[in-house]
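Peer 1: attaching a predicted model along with its sequence, questions to come.
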Amino acid sequence: MNSQESNVPNNQFTFHRIHGSRIRLSNSSKTATRLEAAKFYDNGVVYSALPLSGHAKFVVQAQELAVGWSGSFKIGVILISPEVFKDGFQPPRYSPAMPHSWVWSSLSLHVGQDLKISYGSVNLEDLRKGDKLGMEISREGTLQFLVNDKSQGAAATNVYSTDKLVYGFVDHYGQAVTSTIAEAFVNPFSLQHLCKRKILTGLTNNVSKLEPFLPTPLLAFLADT
C-alpha cells in the first residue's frame, strides 16, 4: 500500500444518517431494519456513511427476511456530487430508480435508469438469513458484487472516472428486512492520485493536450493508468 494512504477499517464503517423513510438504524448505525415489513415493501434504501475510494469493500449480512413479498435485497453503488447529501437528499422508494448507479437486483444489473442486463450466478431472491452480500471495487475502478465471498464477475469499470463520490448502498426491498455491516474497509487514494484524476478529468483523459507544456516523465505519469 502506498505510504501516503491509510486504511479505513471495519469498525469505522456505519450506514449513513440519510436513508429510506421506513429504515431504522441500530447497533451504532451498523444494523438497518425496514419497519412494518409485513405491510410495506419499499423505502428501505441505506447508504454507506463513508464514500468508497481506492480499493474498497462493503459487505452486509442478512439478519431477517419476511414472507409474503416478491423481491429481496438489492445492492449497488451510486455516483453523487459531494454536496447532495448536505442538501437533504431523498432516497428513492426503489433503488433501480436512481440515476448514475449500478444496481444488482435479482438476476439483473440496472445501469442507471435506462439499461438492464443479466448479471450474476445467484438470484438475490434466494438469499437466506446469514448469507452475506457485498461489493468490492479495485483501485482501477472495477466493481464486482459478492455473495458469501464469491465474486459474481465485473459489473462495471471506471467507476472512479468522474469527480463524483462513490457510495455503496443496500436496498431492503420485499422480503429483505434487516441487514448488518459484516465487513468494510477503504484504502483511499493518495493525494497524488487524486490530483492526477482531477487533471485527467479536466482533459477528458486526453494527455496529448499537455505535451507542449510538460516534461516527458510527468506526461508518462499522467498517461499511466
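Peer 2: Cool, the structure landed. Residues are numbered from 1 along each chain as shown.
Peer 1: go ahead and confirm Ser72 touches Lys129.
Peer 2: No: counting by CB atoms under 8 Å, no contact exists between Ser72 and Lys129, whose distance comes to 11.6 Å. For every residue, glycine as well, the C-beta is placed using N, CA and C.
Peer 1: hey, what's in contact with both of those two?
Peer 2: Shared contacts of Ser72 and Lys129 (CB atoms under 8 Å, 6 or more residues apart in numbering): Leu65.
Peer 1: these two: which has the busier surroundings?
Peer 2: Ser72 (24 against 11; other CB atoms under 10 Å).
Peer 1: which residues touch that one?
Peer 2: 65, 106, 124-125, 127, 173-176.
Peer 1: which members of those residues are the farthest-apart pair?
Peer 2: With distances taken as CB to CB, the most widely separated pair in these is Leu65 and Ser106, at 14.6 Å.
Peer 1: any idea what Leu165 is bridged to?
Peer 2: Ile80 (DSSP bridges).
Peer 1: in strands, which of the contacts of Ser72 fall?
Peer 2: Of the contacts of Ser72, the ones assigned to strands by DSSP state E are 65, 176.
Peer 1: how about the helices in the protein?
Peer 2: Using DSSP state H, the helices of the chain run over 191-202, 216-223.
Peer 1: now Gly134: closest residue in space that isn't a chain neighbour?
Peer 2: Val59 (3.0 Å; CB to CB, 6 or more residues apart in numbering).
Peer 1: need the contact list for Ile181.
Peer 2: 10, 13-15, 30-31, 58-60.
Peer 1: can you turn the buried part of those into a ChimeraX selection?
Peer 2: Entered in ChimeraX, the line below selects the buried ones among the contacts of Ile181, by 16 or more other CB atoms under 10 Å:
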select :13,14,15,30,31,58,59,60
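Peer 1: quick one: which of the contacts of Ile181 sit in strands?
Peer 2: Per DSSP E, the contacts of Ile181 map to strands at 15, 31, 58-60.
Peer 1: adding distance to Leu52, write the residues you listed out as TSV.
Peer 2: Shown next, in TSV, are the ones in strands among the contacts of Ile181 (distance: CB to CB, whole Å):
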residue	distance to Leu52
Phe15	14
Thr31	20
Phe58	7
Val59	12
Val60	14
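Peer 1: now for the nearest residue to Val103 once chain neighbours are set aside: which residues touch it?
Peer 2: What sits nearest to Val103 in space, not counting adjacent residues and going by CB to CB, 6+ apart, is Gly76, at 3.7 Å. Gly76 sits next to 95, 98, 101-104, 110, 135, 168-169, 171 when contact means CB under 8 Å, 6+ apart.
Peer 1: from Gly88, how far off is Gly76?
Peer 2: For Gly76, the distance to Gly88 equals 22 Å [CB to CB, to the nearest Å].
Peer 1: do the same with Ala62
Peer 2: In terms of CB to CB, Ala62 sits 30 Å off from Gly88.
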